[in-house]
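**Q** Can you look at this prediction? I've put the sequence above it.
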Amino acid sequence: MHRGFRSYTKGGLSGTVIEVQSLEEARKLGSALKGKIVYYSRPFENKHLRTFYGYGGAVDQRVFGANIASKFGAKACVIRSMTGRMDNVPHTGSTIFEEGVTPIPAVAISTNDAVLLSNCMKAGETQLFIKTNCEWRGQKQSYSVIGRLEVQKDQRRSFLLEVI
């Protein structure tokens, strides 16, 4: 297995978003994911006294979601932040690809942006533009990625997703 550091979008990419709630749902959709941007939107559950249980119930999307999406030909993956708070700060972390699976861009969005994206998708087909600048620089201490999700003001449901 290897990390997704090789999965950058040199000039950016755009595509239609398909929303799923689980890894199993993505597997069931199979070839319908081809050429799409897969959006894993299952929220962190706040019902547990120990919040790590809520985290553990949702983090599989971030760790393995892009791997599954890539197996079915998706071009990128967007993951709802792994936190129980509603905020504008995406919680990022590891994404793992199996050997032989082509890494695709995988980005986290904040919980507030996740709700916005889900609501836009309820109104109809939604397009995303994603641009990342990832590279391998060896093992070093790292920090969270800062991103921006911007909704255009016209009637189209278009988004700009920028990872810095």
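**A** Alright, I've got the coordinates.
**Q** can you pull the pLDDT of the residue of the chain positioned farthest from its centre?
**A** When distances are taken from the C-alpha mean of the chain, residue 49 lies farthest, 26.6 Å away, according to C-alpha atoms, centre = their mean. Residue 49 is assigned 74 on the pLDDT scale.
**Q** Start at 22, not 1
**A** Will do, 22 is the new start, and the previous item becomes residue 70.
**Q** which residues touch it?
**A** If you count contacts by C-beta atoms under 8 Å, 6 or more residues apart in numbering, residue 70 has none. Backbone N, C-alpha and C define where each C-beta goes, glycine included.
**Q** quick one: it and residue 104, what's the gap?
**A** Going from residue 70 to residue 104 by C-beta to C-beta, to the nearest Å gives 17 Å.
**Q** which SS state does the residue farthest from the centre of the chain fall under?
**A** coil (DSSP: H, G, I helix; E, B strand; the rest coil).
**Q** how far away is it from residue 108?
**A** Taken as C-beta to C-beta, the span from residue 70 to residue 108 is 21 Å.
**Q** backbone phi and psi for residue 74, please?
**A** Dihedral pair for residue 74: phi -70, psi -40, per degrees, to the nearest 10.
**Q** Just give the closest residue to it, not the sequence neighbours.
**A** The shortest distance from residue 74 to any non-neighbouring residue, by C-beta to C-beta, 6 or more residues apart in numbering, is to residue 66 (7.7 Å).
**Q** For this structure, give me the ranges with low pLDDT.
**A** Low-confidence segments of the chain (pLDDT under 70): 22-30, 156-157, 163-185.
**Q** Give me the most central residue, it.
**A** For the chain, residue 99 is the residue whose C-alpha lies nearest the centre (C-alpha atoms, centre = their mean; 1.7 Å).
**Q** Against residue 72, how distant is it?
**A** Distance from residue 99 to residue 72, by C-beta to C-beta: 23 Å.
**Q** wait, is residue 158 part of a strand?
**A** No: going by three-state DSSP, the assignment for residue 158 is coil, not a strand.
**Q** what's around it, how many residues?
**A** 8 (other C-beta atoms under 10 Å).
**Q** Distance of it relative to residue 109?
**A** Noted for residue 158: a distance of 27 Å to residue 109, by C-beta to C-beta.
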